[in-house]
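Peer 1: Pasting the sequence and the predicted model now:
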Amino acid sequence: MCFNIECISLASWQLLVKSGQITHAFSRTCLSDMNQTVRIVLYVFIFLLSFIGNSLIITVLVRNRRMRTVTNLFLLSLAVSDLMLCVFCMPFTLIPNLMKNFIFGTGMCKVATYFMGISVSVSTFNLVAISLERYSAICNPFKSRTWQTKSHAAKVITATWVVSSLLMLPYPIGSTLVPFMRSNNSTGNMCRLVWSSDVMQTWYVFLLLILFLVPGIIMMTAYGLTSLELYRGITFEMANRKSNKGTGKYHRLADLYTSAVNSLYKSLLNKAVYPTANLMAKKRVIRMLLVIMGLFFLCWTPIFVVNAWRAFDRRSADRLLSGAPISFIHLLSYTSACVNPIVYCFMNKRFRQGVLATFSCCRDDVDEVSRSSTRRSTRGAGGMGTRTGGQADGNTRSSGTITRLTDTSIRGSAQA
């Protein structure tokens, strides 16, 4: 690849030899070819992971009715938007970047940019909805049961798609092909928004706020408060174990806290929370929440910063970022469509069992094994996953004392 002499014409070769620049020309050619090869390999790899992972999620959740929980409905919407991000963003970013020409025509320019915007918007809004759902399940577990239903989740998901579709209408309206002169004196086309500089700046600042800063702050706050609540629970349980002098009231608080958070542990880790493993489960959930937040900012910070930079100083941004740099920055944002299925689904044991049940030839046997293991886990955990939660509800309805403790059980247990 680096020794392709045919890529340099004979006249250019003689000129370079005479001017003493042959080494520099070879180095530049090799570096360009290497960057292009690396970009192609990485894009293909991320594309395949994203396409296969999100397609698996959609297939499993559509075919397996028992897995259609409130959280999984949001994950299904997230998988659809990530699949759109994979299909409509990656090919229409890589190919024009390599060819230095948008070869798909004006119509596809409008369609691709529109679906790009919708997929990014829906993905972000779904991540926010998941963070709020998990925050409510941990910090307000009993109140959340009144509104965390499948019908409510379907309404929220529908609203995110409708709002995103309306929000991204400026893309098909303003996108068109812009001709430019390439280095070999041929004419190429770019798919660009044709707006004045003031409108462009307003638009990209608006996107920066509603698709990155505000969602990032909401997710950071929700997951931060959730992690803090879990940490307080860890502190309370460790102090209670060391002292071993808890009163009946504190024991009731501890039982309420355990039943409240157990559902989230099972949804994230799909493991029965035994008393001896309770602290480890909480620490694992905290680490997972931190990973989710870190990946969100790692994947999306560069591209939103670059878009804002381009809006205010397009010349310097295009000069410094054209070619490989902007291609790798786009690839980093597309990686979110690859890591979301791994973090939210494939790290969950129950989802992995759902994949086996969906595609296995012995589907009925796998389902029976899954149901048997679930029943054994419920009995082994003292019924925390279902029976304890049911007892907590019953106590809430029948006992005035427990009713008063419902809203303050988590915070009270943490402060005790």
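Peer 2: Okay, I see it. Since the model is a prediction, treat every value here as computed from it, not as a measurement. Numbers count the residues shown, from 1 in each chain.

Peer 1: Give me the buried stretch members for the helix or strand harbouring Arg319, please.
Peer 2: Taking DSSP states H and E as the criterion, Arg319 maps to helix 314-321. By neighbour count on 16 or more other C-beta atoms under 10 Å, the buried set for helix 314-321 is Ala317, Leu321. Any C-beta I mention is one placed from the backbone N, CA and C, and that applies to glycine too.

Peer 1: how far off helix 314-321 does the helix or strand just after that helix point, in degrees?
Peer 2: Downstream of helix 314-321, the first helix or strand assigned by DSSP H and E is helix 324-334. Interaxial angle of helix 324-334 relative to helix 314-321 (axes from the mean of the first three to the mean of the last three C-alpha atoms, to 10 degrees): 90 degrees.

Peer 1: Pull the residues that contact helix 324-334.
Peer 2: Helix 324-334 is contacted from outside by 35-36, 39, 42-43, 46, 50, 85-86, 89-90, 93-94, 97, 298-300, 302-303, 306, 321, using C-beta atoms under 8 Å, 6 or more residues apart in numbering.

Peer 1: For the helix holding Arg319, which outside residues touch it?
Peer 2: Val306, Trp309, Arg310, Ile329.

Peer 1: swap the cut-off to 10 Å and go again
Peer 2: 192, 197, 200, 302, 306-311, 313, 326-329 (C-beta atoms under 10 Å, 6 or more residues apart in numbering).

Peer 1: Among the contacts of helix 324-334, which are located in helices?
Peer 2: Mapping these onto helices (DSSP state H) picks out 35-36, 39, 42-43, 46, 50, 85-86, 89-90, 93-94, 97, 298-300, 302-303, 306, 321.

Peer 1: Thr149 - nearest residue in space that isn't next to it in sequence?
Peer 2: Nearest non-adjacent residue to Thr149, counting by C-beta to C-beta, 6 or more residues apart in numbering: Val70, 6.8 Å away.

Peer 1: sorry, that was for Leu85
Peer 2: Per C-beta to C-beta, 6+ apart, closest to Leu85 is Ser119, 4.0 Å.

Peer 1: any idea how far that neighbour lies from Val355?
Peer 2: 24 Å (C-beta to C-beta, to the nearest Å).

Peer 1: can you check Ile157 too?
Peer 2: Taking C-beta to C-beta, one finds Ile157 at 22 Å from Val355.

Peer 1: If you count surrounding residues, which of those two has more?
Peer 2: Applying other C-beta atoms under 10 Å to Ile157 and Val355 shows that Ile157 carries more neighbours, namely 20 against 17.

Peer 1: packing partners for the helix or strand hosting that one?
Peer 2: Following DSSP H and E, the helix or strand that holds Ile157 is helix 150-167. Applying 3 or more C-beta pairs under 10 Å, 6 or more residues apart in numbering; DSSP states H and E, one finds that helix 150-167 contacts helix 70-99, helix 105-139.

Peer 1: Show me which positions of that helix end up buried.
Peer 2: Ala153, Val156, Ile157, Thr160, Trp161, Ser164, Leu167.

Peer 1: quick one: the fourth one and Ser119 touch, right?
Peer 2: Okay, so that is Thr160. No. Using C-beta atoms under 10 Å, Thr160 makes no contact with Ser119, being 11.6 Å away.

Peer 1: still on that earlier bit, could you report the pLDDT at the residue nearest to Thr149?
Peer 2: Model confidence at Val70, given as pLDDT, is 85.

Peer 1: now the one 4 residues further on
Peer 2: What the model reports as pLDDT for Phe74 is 90.

Peer 1: before we move on, back to that, taking the contacts of helix 314-321, tell me the two that lie furthest apart.
Peer 2: Ser197 and Phe328 (26.6 Å; C-beta to C-beta).

Peer 1: So between the two, which is more surrounded?
Peer 2: Taking neighbours as other C-beta under 10 Å, Ser197 and Phe328 compare with Phe328 leading, 16 against 11.

Peer 1: before we move on, the earlier item: looks like the residue nearest to Thr149 contacts Leu132 (just checking).
Peer 2: No. Here Val70 lies out of contact with Leu132, judged by C-beta under 10 Å, at a distance of 11.7 Å.

Peer 1: Name the residues contacting each of the two.
Peer 2: With C-beta under 10 Å, 6+ apart as the test, Val70 and Leu132 both reach Ser144, Val156.

Peer 1: Compare the two (neighbour count), which wins?
Peer 2: Val70 (21 against 18).

Peer 1: which ones are touching that one?
Peer 2: 130, 133, 137, 144, 147-154, 156, 267 are the contacts of Val70 under C-beta under 10 Å, 6+ apart.

Peer 1: Closest one of these to Met181?
Peer 2: Ile130 (46.6 Å).

Peer 1: rewinding a little: pull up the overlap in contacts between Thr160 and Ser119.
Peer 2: Ser81.
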